[in-house]
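Engineer: Sequence isn't available, so here's the structure alone:
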């Protein structure tokens, strides 16, 4: 039985798949930037930043079901890498 198929016979609900936890930052208290904050620093919209994350151009982490944030250290490293290129 797959997780999205109805249970047959035993009356129990199927278990949901476990979702892997995102990697933890070296410092759990590290600042997380919103897409709006990153966009303001880059001169782009929050949606443009979201697309950059989806394309893998900018590292981001999922917060909850729909939220996305960027670790401050990842953003700083990303900026440094851009300046080197």
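Structural biologist: Alright, I've got the coordinates. Bear in mind that the values here come from a model prediction, so they are computed numbers and not experimental data. Numbers count the residues shown, from 1 in each chain.
Engineer: And the contacts of the longest strand anywhere in the chain?
Structural biologist: Determined from DSSP state E, the single longest strand within the chain is strand 67-71. By Cβ atoms under 8 Å, 6 or more residues apart in numbering, the list of residues contacting strand 67-71 from outside reads 25, 30-35, 38, 49-50, 53, 58-63. Using the backbone N, CA and C atoms, a C-beta is placed for each residue, glycine as well.
Engineer: Whichever of those residues end up buried, select them in PyMOL.
Structural biologist: Of the contacts of strand 67-71, the buried ones go into a single PyMOL selection, burial set by 16 or more other Cβ atoms under 10 Å:
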select buried, resi 32+33+35+38+49+50+53+58+60+61
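Engineer: Next, count neighbours for residue 65.
Structural biologist: 6 (other Cβ atoms under 10 Å).
Engineer: just to revisit the earlier point, partner strands of the longest strand of the chain and their direction?
Structural biologist: Each strand paired with strand 67-71, and its direction, by DSSP bridges: strand 32-33 (antiparallel), strand 61-63 (antiparallel).
Engineer: Tell me the first helix or strand C-terminal of it.
Structural biologist: For strand 67-71, the following helix or strand on the C-terminal side (DSSP states H and E) is helix 72-84.
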